[in-house]
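Student: dropping the sequence and predicted coords here.
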Amino acid sequence: MTVPSLVHGQQRVPLVVGRTLFDAADDLEMLVPASCRRSGRCRECVVEIHSGEAALCAAEPEESYLPRGFRLACRARIERLPDEDLEFAAVRRRLRIFAAPPGPPLEVDPVVEVVDGRVRYDGVDVDRSPSRLLGIALDVGTTTVVLELVDLTTGEALAGAAFENPQRFGGSDVVARIAYETDHPGELRQALRRALNHELASLYGELGVDRRAVFEVVVVGNAAMRDLFFALDVAPIGRSPFRSTTEVAWREGRAADTSVVALAHQLGILVHPRARIWGAPLIACHVGADAAADLVATGAAGTGADDGPGPTMLIDIGTNTEIILGDGRRIVAASSPAGPAFEGGAIRHGMAASDGAIEAVHHDDLGWTVRTIGDAEPVGICGSGLVDLLAELRRIGAMTVDGAFADDRRAVDIVPERGICLTRFDISELAQAKAANTVGYTALLRTLGLTVADLGRVHLAGGFASSLNVESAMAIGLLPRVALDRVIVHGNASVRGAKALLLSRGERQRLVELVGRIRHMELEAEPDFFDLFVEGLRFEPFPDRSGSARREFVAKGEAGIGVLTGE
């Protein structure tokens, strides 16, 4: 009889009754965050149970907020030997940081300034001046959180960090998180606050920085992530017309824009207690402050003088993909609820972009060749590896355009010695994520009466795009097919945008004015949405609809509304 083991990634240790998962993590040399000496008070040591949950004791009161499949490592004790291995993983992992290209020098004219030895925020006295004046640019993504610590005097980024958003226990997408917040108010915000403060404390310690030198944090993220961070009611974002409370206030004339501000001590962030936490403005509905920051960083959608000739499309692929299209006069935007598949979620061997993730795949006469992050032993497949894999399966004829394996297999082994494969279920999840994106491209292009051939630039933002093989993405229809010299990859553009907003009051004003010009489209309201989605499920190049009926964009008096008139 085979004795079950405790498994994390490719590591295995014997199951020992009476020990906690935190004890086992020590044996596995696995980093599980905690700051309460394993007493269950800090709630930082959340782990996800993949199999063998029957071996564990019943959940304790400290774990009552966690859904099934998630436990606190310090509370989850092994009570019995199960019939299968007990496999688990930490919810929060450090991730690879993809910095945005340097770009032109950023304007340094921050809202925070020193006047007569006193720090002032937009003219309001805060405290005496420290030896350094610092700020933080923070991008809160559904899957990934990225930050930079910035010198507000020089504009220099002193350090950065990236980690998995620990809110995963509340669901892998925005809709699930909103529903979880309704049932368990405050738990998601507290999980992120604890994780963020842990990272900040580490950075301060490494750099010898006093947290009281940090006088502002600029936060960007999609509407739900930003509003959860500020403890705002996110329920309206989850139901039609999907608007943040700040967007409603702006539309009703009760607010000048959709930005939000709070004091650090009100949110419990590890910076100067009277520092301001400024949430950048949202564009509309689920097109959030992260997309707005992308515009600042890239000059895309016809907003930059050096963007080149022709219409411009900005794409930030993620759990919620934002797409913005401009022709120099008009700008339209939409969000595609792609889900977590291309970030490794809902995929049997999917994972985030951390050490051991397969990020590139190639097939030749000798079989499959993979490249992993950190040149580590393969543990799973991240988004860029999944795109490569799909393109290679199509190239060698091992998968049809409809996502069926050519020989009717249920899975394809990629690294058989480690059990890493791609299943038919995985294909279905990836097809749906891809289709959601292609609906967005189609709807925006025809709104402005454009085709793919008209695009002068395609800007790709976000960490996923940084390692993406663009040709592979075009081959399966994940991206519109344009000449490669028209594609610009920006990495974490939203972090650079947040940094620009942190450093420049002028950039803030320009962004507010720009957001007021953007017209938002609700994709599900398109009369042929279902037909477009079904067509988008196919793994083939995105069609150039030069023969399709075009639509005229008509701006109406109400800001943020685009009316479509068919020819």
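Tutor: Looks like it arrived, so ask away.

Student: tell me if W250 really is in a helix.
Tutor: Yes: judged by DSSP: H, G, I helix; E, B strand; the rest coil, W250 forms part of a helix.

Student: can you show me the helices along this protein?
Tutor: With helices called from DSSP state H, the chain shows them at 21-27, 174-183, 187-207, 223-229, 245-251, 264-267, 289-298, 383-395, 424-447, 463-466, 470-475, 493-503, 505-515, 529-536.

Student: can you lay out these as TSV showing mean neighbour count?
Tutor: Where C-beta positions appear, they are placed from N, C-alpha and C, glycine not excepted. Listed next are these as TSV, based on neighbours: other Cβ atoms under 10 Å:
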stretch	mean neighbour count
helix 21-27	19
helix 174-183	19
helix 187-207	18
helix 223-229	28
helix 245-251	19
helix 264-267	16
helix 289-298	30
helix 383-395	25
helix 424-447	22
helix 463-466	26
helix 470-475	21
helix 493-503	30
helix 505-515	17
helix 529-536	16
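
Student: lowest average pLDDT across those helices?
Tutor: With a mean of 81, helix 463-466 has the lowest mean pLDDT of the helices of the chain.

Student: residues contacting that helix, please?
Tutor: Taking contacts as Cβ atoms under 8 Å, 6 or more residues apart in numbering, the residues outside helix 463-466 that touch it are 95-98, 144, 146, 162, 315-318, 342-343, 353, 383-384, 489-492.

Student: try stretch 5-16
Tutor: Stretch 5-16 is contacted from outside by 3-4, 21, 23-25, 27-28, 30, 55, 78, 81-82, 85-89, 356, 377, 379, 418, using Cβ under 8 Å, 6+ apart.

Student: and the residue most central in space within the chain, what does it touch?
Tutor: Most central in the chain under Cα atoms, centre = their mean is G141, positioned 3.5 Å from the mean C-alpha point. Contacts for G141 were tallied using Cβ under 8 Å, 6+ apart; they are 165, 221-222, 225, 290, 318-319.

Student: go on, E247?
Tutor: Taking Cβ under 8 Å, 6+ apart, we find E247 in contact with 223, 258, 282, 284-285.

Student: hang on, the earlier thing: which ones among the contacts of stretch 5-16 are found in strands?
Tutor: Among the contacts of stretch 5-16, the residues falling in strands (DSSP state E) are 86-89.

Student: buried among those? Need that as a selection in PyMOL.
Tutor: The buried residues among those can be selected in PyMOL (16 or more other Cβ atoms under 10 Å) with this line:
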select buried, resi 86+87+88+89
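
Student: reformat the ones in strands among the contacts of stretch 5-16 as JSON lines; add pLDDT.
Tutor: Listed next are the ones in strands among the contacts of stretch 5-16 as JSON lines, based on pLDDT from 0 to 100:
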{"residue": "L86", "pLDDT": "90"}
{"residue": "E87", "pLDDT": "88"}
{"residue": "F88", "pLDDT": "87"}
{"residue": "A89", "pLDDT": "83"}
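
Student: the stretch 101-250 of the chain: strands as residue ranges?
Tutor: Here the stretch 101-250 of the chain has its strands, by DSSP state E, counting those that start in this stretch, at 112-115, 118-121, 124-128, 134-140, 144-151, 157-164, 214-221.

Student: quick one: which of those is nearest G268?
Tutor: G268 lies closest, by Cβ to Cβ, to one member of the strands of the stretch 101-250 of the chain: strand 214-221, at 12.1 Å.

Student: strand partners (parallel or antiparallel) of that closest one?
Tutor: Using DSSP bridges, strand 214-221 pairs in its sheet with strand 134-140 (parallel), strand 276-279 (parallel).

Student: hang on, V108 packs against S504?
Tutor: Yes: in terms of Cβ atoms under 8 Å, V108 counts as a neighbour of S504; the distance is 7.0 Å.

Student: which one's more surrounded, those two?
Tutor: Applying other Cβ atoms under 10 Å to V108 and S504 shows that S504 carries more neighbours, namely 20 against 16.

Student: in the sheet, who's paired with the more buried one?
Tutor: D109.

Student: where's it relative to G462, distance?
Tutor: S504 sits 22 Å away from G462, going by Cβ to Cβ, to the nearest Å.

Student: look at V115 and say how many residues are nearby.
Tutor: A total of 10 residues lie near V115 under the criterion other Cβ under 10 Å.

Student: kindly report the same for the one 5 residues further on.
Tutor: By the measure other Cβ under 10 Å, the count of residues near R120 is 17.

Student: please apply the same query to the one 5 residues further on.
Tutor: Residue crowding around D125 was assessed by other Cβ under 10 Å; the count is 11.

Student: can you tell me which residues contact it?
Tutor: Neighbour list for D125: 118-119 [criterion: Cβ under 8 Å, 6+ apart].

Student: go again with 7 Å.
Tutor: Contact analysis of D125 by Cβ atoms under 7 Å, 6 or more residues apart in numbering lists R118.

Student: tell me the contacts of the closest residue to I476 other than its chain neighbours?
Tutor: Spatially, and ignoring its direct neighbours in sequence, I476 is nearest to F539 (4.5 Å; Cβ to Cβ, 6 or more residues apart in numbering). Applying Cβ under 7 Å, 6+ apart to F539 gives the contacts 390, 394, 399, 401, 403, 476-477.

Student: chain center to stretch 229-236, what's the gap?
Tutor: Stretch 229-236 has its C-alpha centroid displaced from the chain centroid by 18 Å (Cα atoms, centre = their mean, to the nearest Å).

Student: how about that stretch: buried residues?
Tutor: 229-232, 234, 236.

Student: and if you look at stretch 363-374?
Tutor: 363, 368, 370-373.

Student: next, format those residues as CSV and append distance to H349 and pLDDT.
Tutor: Below are those laid out as CSV (distance: Cβ to Cβ, whole Å; pLDDT from 0 to 100):
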residue, distance to H349, pLDDT
H363, 17, 95
W368, 13, 95
V370, 12, 96
R371, 16, 95
T372, 12, 94
I373, 14, 90
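
Student: rewinding a little: out of the ones in strands among the contacts of stretch 5-16, who's nearest Y121?
Tutor: Nearest to Y121 among the ones in strands among the contacts of stretch 5-16, counting by Cβ to Cβ, is A89 at 41.0 Å.

Student: list the contacts for that closest one?
Tutor: By Cβ under 7 Å, 6+ apart, the contact list for A89 reads 8, 47-48, 50.

Student: same check, this time on N197
Tutor: Applying Cβ under 7 Å, 6+ apart, we find N197 in contact with 269-270.

Student: ok, back up a step: the contacts of A89, buried ones only, as a ChimeraX selection?
Tutor: Only the buried entries of the contacts of A89 go into this ChimeraX selection, using 16+ other Cβ under 10 Å:
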select :8,47
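
Student: what about the contacts of A89, which are in strands?
Tutor: 8, 47-48, 50.

Student: and those, which two are the farthest apart?
Tutor: Most distant of the ones in strands among the contacts of A89, by Cβ to Cβ, are H8 and E48, 10.8 Å apart.

Student: find residues that contact each of the two.
Tutor: Joint contacts of H8 and E48 (Cβ under 7 Å, 6+ apart) are 88-89.

Student: and the closest residue to A249 other than its chain neighbours, how many neighbours?
Tutor: Leaving aside its chain neighbours, A249 sits nearest to A255 (4.1 Å; criterion: Cβ to Cβ, 6+ apart). The tally of other residues near A255 (other Cβ under 10 Å) stands at 16.
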